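J.: A predicted structure for the sequence below; I have some questions about it.
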Amino acid sequence: MRMCHPPALLGTSWLLLAGLLLALQQAAGDLRRKATAVGSSVLLAGLGNVTHIYSVQWEHLNGTSSHTILHYNKGSQDPAIHVPYTGRAIFHPSNGSLLLEDVQESDSGIYKVTVNMGERESLRILLEVLKPVSHPRIWSSLLVAQATGEVFCEVAEGRVDTITWKKDGQPLPPDRGFHLSGSLSVLSLRSAKKWDCGSYSCNASNEVSWQETSLNVTIAGLSPPLQNALRMAVVAVVFAAVSGWGLIFPVCQSEKLRIRGELWRWLSVYTCGLVCIASILAGTAGILWMREEGPSVAIILPEIALTYVIVVTFLVSATVTFQPTKLMQLKSKTAQRTMGYAAPGGVVSVVLTTSFLIKNIHQRHGERRYSRDHPKEEGCTELVDVTTLALSIAAVSALPLLAIFLCYLSSRRSHDSGMAEGT
């Protein structure tokens with residue numbers, strides 16, 4: 001993470017140099033300090049305790065060398081202003097003051113005015129020309145309940161002297177763990193809770209300007225992996241329910257009316273394929289859960305079963321689709337039972353696994369754990385809305401089954417009509 005910036009380092013170096021010059025110059029005469037913004041005008045006052053002014057000299061001190069701005073003697077013409085102050089410096093002979101217009105950062109430094117050269121009365125002024133601070137940019141890291149998050153405030157332009165934080169308009173105490181490095185301030189939210197939600201604002205300032213920016217912060221009850229796990233679990237249980245109807249329907253029919261031929265083939269392909277996809281989604285949701293919450297026997301054992309279901313249902317779907325005759329020629333009773341029970345067993349495994357995941361994810365999001373000291377609430381965001389997702393997935397996945405059943409009803413009517421005409 002970028003914590004310091006070259007302009008900030010240069011500004012810090014200049015301040016150290018100015019502080020050193022300040023200490024060295026205090027012994028030689030009075031030293032005053034002024035700060036102003038880039039592009040503004042600043043009046044450098046002369047010595048106010050001098051009754052009669054005969055000569056005035058203004059200099060800009062730069063380290064150990066000096067640069068003369070002007071030299072004025074009473075009774076002479078207006079003094080010539082030396083470069084780089086030509087055209088933007090105005091001298092007032094009556095009091096010896098100097099007005100600088102459109103000042104820039106390069107004008108910073110110590111200005112020395114000497115009045116009546118023989119008496120050697122002088123004054124030194126430390127001038128700081130600062131860029132106004134720009135609007136801070138404020139953003140946050142991923143903020144999840146019970147985890148540590150951070151809110152960042154960074155100023156792109158201008159030397160930053162202070163960054164202060166507020167929450168909902170109230171100043172935050174200094175023990176909230178924020179620190180300043182260059183023009184970047186970091187506010188740490190440790191073990192984020194519901195009461196950490198709100199409007200955070202950072203105020204960046206220096207001696208000539210200040211700017212403030214706000215950000216609405218919400219603490220999510222679930223991390224993105226758990227949100228994805230919830231969505232996958234919901235889709236998986238919907239697929240399992242739809243495929244379960246596809247498996248139950250032929251069983252409920254009598255032997256005479258049972259689906260056969262091509263319709264049975266496509267029904268088998270679709271139900272096995274749907275169970276395979278549901279198992280993959282349920283298994284992935286379980287892995288995401290364990291990554292967030294740690295390994296659990298309640299997930300590991302179903303993961304093993306789901307892996308077995310995925311392999312078998314995929315092989316059955318592929319065989320029935322591309323080589324159905326091989327399935328008919330299968331003589332092994334064990335293999336037939338394995339293939340016959342794989343899809344129903346997969347439906348049961350998916351339903352049990354996803355039910356466990358959905359229940360625990362809901363508890364993880366919305367539970368309130370009370371202790372003797374204080375209640376602890378998780379997040380301030382609503383749980384992921386899965387109702388629309390479940391209804392849309394159910395409607396789409398049921399369409400192929402509906403088409404197969406309609407074709408079956410149509411073929412039965414044609415068959416019954418033909419039998420009636422034959423009699």
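T.: Good, I have the coordinates.
J.: out of everything not next to it in sequence, what's closest to residue 68?
T.: Closest residue to residue 68 in three dimensions, ignoring its sequence neighbours and counting by C-beta to C-beta, 6 or more residues apart in numbering: residue 59, at 5.5 Å. C-beta coordinates here come from the backbone N, C-alpha and C atoms, glycine included.
J.: What does the pLDDT read for the one you found?
T.: Residue 59 is assigned a predicted lDDT (pLDDT) of 93.
J.: burial of residue 280, as a residue count?
T.: Here the neighbour count serves as a burial measure; for residue 280 (other C-beta atoms under 10 Å) it reads 20.
J.: hang on, isn't it packed against residue 307?
T.: No: using C-beta atoms under 8 Å, residue 280 is not in contact with residue 307, being 9.6 Å away.
J.: And for stretch 161-179, what's in contact with it?
T.: In this structure, residues lying in contact with stretch 161-179 by C-beta atoms under 8 Å, 6 or more residues apart in numbering are 136, 153, 155, 180, 185-188, 190, 198-207.
J.: List the contacts of residue 300.
T.: Contacts were defined as C-beta under 8 Å, 6+ apart; by that measure residue 300 touches residue 290.
J.: any idea what it is structurally, helix, strand or coil?
T.: Per DSSP: H, G, I helix; E, B strand; the rest coil, the local secondary structure of residue 300 is helix.
J.: just residue 280 next, same as before
T.: Reduced to three states with three-state DSSP, the structure at residue 280 is helix.
J.: try residue 35
T.: Secondary structure state of residue 35, per three-state DSSP, is strand.
J.: give me the number of residues near the nearest residue in space to it that is not next to it in sequence?
T.: In space, and not counting its chain neighbours, residue 35 is closest to residue 207: 4.0 Å by C-beta to C-beta, 6+ apart. Neighbour count for residue 207, taken as other C-beta under 10 Å: 15.
J.: just residue 171 next, same as before
T.: The burial count assigned to residue 171 is 10, neighbours taken as other C-beta under 10 Å.
J.: Give me the helices and strands touching the one helix or strand residue 359 maps to, please.
T.: Under the criterion of DSSP states H and E, residue 359 resides in helix 333-366. Contacts defined by 3 or more C-beta pairs under 8 Å, 6 or more residues apart in numbering; DSSP states H and E place helix 333-366 against helix 224-252, helix 261-293, helix 297-322.
J.: among those helices, which is nearest residue 394?
T.: Go through these one by one with C-beta to C-beta and the one that ends up closest to residue 394 is helix 224-252, at 5.0 Å.
J.: So which elements touch the closest one?
T.: helix 261-293, helix 333-366, helix 387-422.
J.: which one of the ones you listed is the most hemmed in?
T.: Of the helices and strands packed on helix 224-252, the one with the most neighbours on average (mean count of other C-beta atoms under 10 Å) is helix 261-293, at a mean of 21.
J.: Do me a favour and average the pLDDT over that one.
T.: Summarised as a single mean, pLDDT over helix 261-293 is 90.
J.: between that helix and helix 387-422, how big is the angle?
T.: Counting by axes from the mean of the first three to the mean of the last three C-alpha atoms, to 10 degrees, helix 261-293 lies at 170 degrees to helix 387-422.
J.: From the contact counts, what lies against helix 261-293?
T.: Contacts defined by 3+ C-beta pairs under 8 Å, 6+ apart place helix 261-293 against helix 224-252, helix 297-322, helix 333-366, helix 387-422.
J.: lowest-confidence helix or strand of the protein?
T.: Counting by mean pLDDT, DSSP states H and E, the weakest-scoring helix or strand in the chain turns out to be strand 368-370, with a mean of 38.
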